[in-house]
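Chemist: based on what follows, work out the 3D shape:
(one chain, ligands or ions: 1)
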Amino acid sequence: MIDKKRITINQITTNNLSLQQAVAAYAKAGLRGITPWRDKIEQAGLATSKAIIADAGLTVTGFCIAGLFTQKGVEGRQVQIDEARRAIDMAAALGSPSIVTVVGGLLPGSRSLADARGFAFDALAETLAHARACGVTLAIEALHPMYAPDWSVVATLRDANDWCDRLGEGTGLAVDSYHVWWDPTAAAEIARAGRAGRLSALHVSDWLPDTRSLLLDRGIPGEGVIDNRGIVQTMKEAGFDGWTEVEIFSERLWAEPADDVLRRIIHGCSATL
Ligand code: ZN
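Modeler: Take a look at the predicted model:
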C-alpha cells in the first residue's frame, strides 16, 4: 500500500494537458509531485511555470529530458550538448534535484554500438561539469534494448552503473520498471547503485502483454505483467526513499479524461505497490 502523497506524476502521462491543466488536475487528485517536460514548460514560460507549480503546492520531483547526444550525428554533437545544458538550467530553475538523462541510440547511418556508446559517453562527460555547477544530478535512464537503435545505447542498469562509476559525482540512475523488469540482474544492480548512493529516480508503469506499441502503449500499474511491487521493494531495500513516479506513455490514456486516468492510477498504485 503506497501513500498517495508519495506518488508523483511524470507529465508525459497527461500529455494532452498544458502545464497549468496538469498541475490543477494533479492537485485536485490529491497528488503532491510533478516531473515536467521541457516542451510544456516552454509553452507556459519558465517563470510562470514555476509560479503555477508553487501555487498549487506541488514539488518538482524531476525534469525531462537531457541527452540524445547521438541523434544529430557527429556534426550535431555541440548542438546536443548545448541543448542538454539549457535543459539542465531549466531543471535547476524549477528546483528539480535531477534530470532524466537518455543518452541516445546509434549514430545516424551507423551500425556500430561501440561508436555510439563512446560518442554518447564523451558528450555526457562534457555535459556533466555544467550539471555539477547547477547542482542537478544527471539521472541516467537505461532503456529496454528495443530502444537501442534510436533512443539509448545504455540498455541495462549494469551499463548505467558502469557509466556512473566512470563519470563520478553528479551522476545517478533513473530506474524505470518498464525498461528493467525483464532483467535478471536488475535487483543486484539496484543494490549496487544503492551502495554507491546514486538511486535518483524510480519510474513505474506496466508492460501490457498484448502491447501494440513499445513507445506509446504502456499500462497503469496493475494492468500488465510487471512486478512493480517487487521493484519498489528492491529500491527501498537499497536505500531509496524518494518519490514513486508514474510515467505512462499511452495514446490510449491520452485520449481519456485526465481526472479519470489519475483516479485509476492512484487506485492501481494503491492496489499493486
Ligand atoms: Zn522513465
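Chemist: any low-confidence regions in the protein?
Modeler: 1 (pLDDT under 70).
Chemist: show me which residues of it are close to the ion?
Modeler: Remark: the part of the chain in contact with the ion comprises Asp176, His203, Glu247, using Cβ under 5 Å from the ion. (Glycine included, C-beta is placed from N, CA and C.)
Chemist: give me phi/psi at the last one?
Modeler: Spelled out, it's Glu247. phi -130, psi 100 (degrees, to the nearest 10).
Chemist: residues touching the closest residue to it other than its chain neighbours, list them.
Modeler: Take Glu247 and drop its neighbours on the chain: the residue closest to it by Cβ to Cβ, 6 or more residues apart in numbering is Asn10, 3.6 Å away. Taking Cβ atoms under 8 Å, 6 or more residues apart in numbering, we find Asn10 in contact with Thr35, Trp37, Gly62, Cys64, His203, Glu245, Val246, Glu247, Ile248.
Chemist: for Asn10, give its distance to Ala131.
Modeler: Asn10 sits at a distance of 20 Å from Ala131 (criterion: Cβ to Cβ, to the nearest Å).
Chemist: narrow the contacts of Asn10 to those in strands?
Modeler: Members of these lying in strands (criterion: DSSP state E): Thr35, Cys64, His203, Glu245, Val246.
Chemist: please list the outside residues in contact with the strand or helix carrying Lys50.
Modeler: Mapping Lys50 onto the secondary structure by DSSP states H and E places it in helix 46-55. Helix 46-55 is contacted from outside by 19-20, 23, 34, 36, 40-41, 44, 60, 90, 93-95, using Cβ under 8 Å, 6+ apart.
Chemist: before we move on, what about stretch 140-147?
Modeler: Residues outside stretch 140-147 that contact it (Cβ under 8 Å, 6+ apart): 100-103, 105, 124, 151-152, 154-157, 159-160, 163-164, 171-176, 178-180, 182, 201, 203, 214.
Chemist: now swap in stretch 233-246 and tell me
Modeler: Contact with stretch 233-246 is made by 2, 6-10, 13, 33, 35, 59, 61-62, 175, 186-187, 190-191, 193-195, 197, 199-205, 220-221, 232, 265, 269, 273, as judged by Cβ under 8 Å, 6+ apart.
Chemist: likewise stretch 110-120?
Modeler: Residues outside stretch 110-120 that contact it (Cβ under 8 Å, 6+ apart): 67, 69-70, 74, 77, 103-107, 148, 153-154.
Chemist: could you say which helix or strand holds Ala84?
Modeler: Under the criterion of DSSP H and E, Ala84 resides in helix 77-94.
Chemist: which residues does that helix contact?
Modeler: Residues contacting helix 77-94 (Cβ under 8 Å, 6+ apart): 36, 38, 41, 46, 49-50, 53, 60, 63, 65-72, 98-99, 101, 104, 119, 123, 126-127, 130-131, 134-136.
Chemist: buried ones in that helix?
Modeler: Burial within helix 77-94, assessed by neighbour count using 16 or more other Cβ atoms under 10 Å, is assigned to 77, 80-81, 83-85, 87-88, 90-94.
Chemist: report the angle between it and helix 46-55.
Modeler: For helix 77-94 and helix 46-55, the angle between their directions (axes from the mean of the first three to the mean of the last three Cα atoms, to 10 degrees) works out to 40 degrees.
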